[in-house]
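*Asks:* Take a look and give me a structure for this.
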Amino acid sequence: QLQLVESGGGLVQPGGSLRLSCAASGLTLDYYAIGWFRQAPGREREGVSCISSSGGSRNYANSVKGRFTISRDNAKKTVYLQMNSLKPEDTAVYYCAVRYDECSSYERDFGSWGQGTQVTVSS
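*Replies:* Numbering: from 1, shown residues only. So this is what the prediction gives:
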């Protein structure tokens, strides 16, 4: 059974950077797309970024384009989300989840959700 654990969150000042990790256990990541999602207090969960199983397809929410970069290291069974130029509106709990092969625009297509990692952007 595939399990995901997010890490790397924390408190950072506006303009700062963080790198989140999504580590998998139980099964190989090679065949799975990984999506990053976030949920801010009082708001619905939203998609942030996704990388396909091959790494050949990567997509980003408009709000993070040019600032966030998703990557994967299948040997380490880990997907990363490099977050630069962070803004207070990026404050949220960040989750990762899997979908077989390709990304999807629909959150319901993802499973094996991690427990989340808190990102707080504040001065």
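*Asks:* show me what contacts the residue lying closest to Gly15 once chain neighbours are set aside?
*Replies:* Using C-beta to C-beta, 6 or more residues apart in numbering and skipping residues adjacent in sequence, the residue nearest Gly15 is Ser85, 6.1 Å away. For the C-beta atoms, the positions are set from N, CA and C on the backbone; glycine is no exception. Applying C-beta atoms under 8 Å, 6 or more residues apart in numbering to Ser85 gives the contacts Gly15, Ser17, Arg67.
*Asks:* With Glu102 as the reference, measure out to the residue nearest the centre of the chain.
*Replies:* Nearest to the mean C-alpha position of the chain, by C-alpha atoms, centre = their mean, lies Trp36 at 2.6 Å. Per C-beta to C-beta, to the nearest Å, Trp36 is found 16 Å from Glu102.
*Asks:* Likewise for Ser53?
*Replies:* Counting by C-beta to C-beta - Ser53 and Glu102 are separated by 7 Å.
*Asks:* Name the residue in these two with the higher neighbour count.
*Replies:* It is Ser53, of Ser53 and Glu102, that has more neighbours when counted by other C-beta atoms under 10 Å, with 20 against 14.
*Asks:* right, and the more buried one touches Val98 too?
*Replies:* No - with contact defined as C-beta atoms under 8 Å, Ser53 and Val98 do not form a contacting pair (9.4 Å).
*Asks:* Now do the shared contacts for these two.
*Replies:* Common contact partners of Ser53 and Val98 (C-beta under 8 Å, 6+ apart): Leu29, Tyr32, Ala33.
*Asks:* Next, give phi and psi for the last one.
*Replies:* The phi/psi pair for Ala33 (degrees, to the nearest 10) reads phi -80, psi 150.
*Asks:* Neighbours of it, how many?
*Replies:* Neighbour number of Ala33 under other C-beta under 10 Å is 25.
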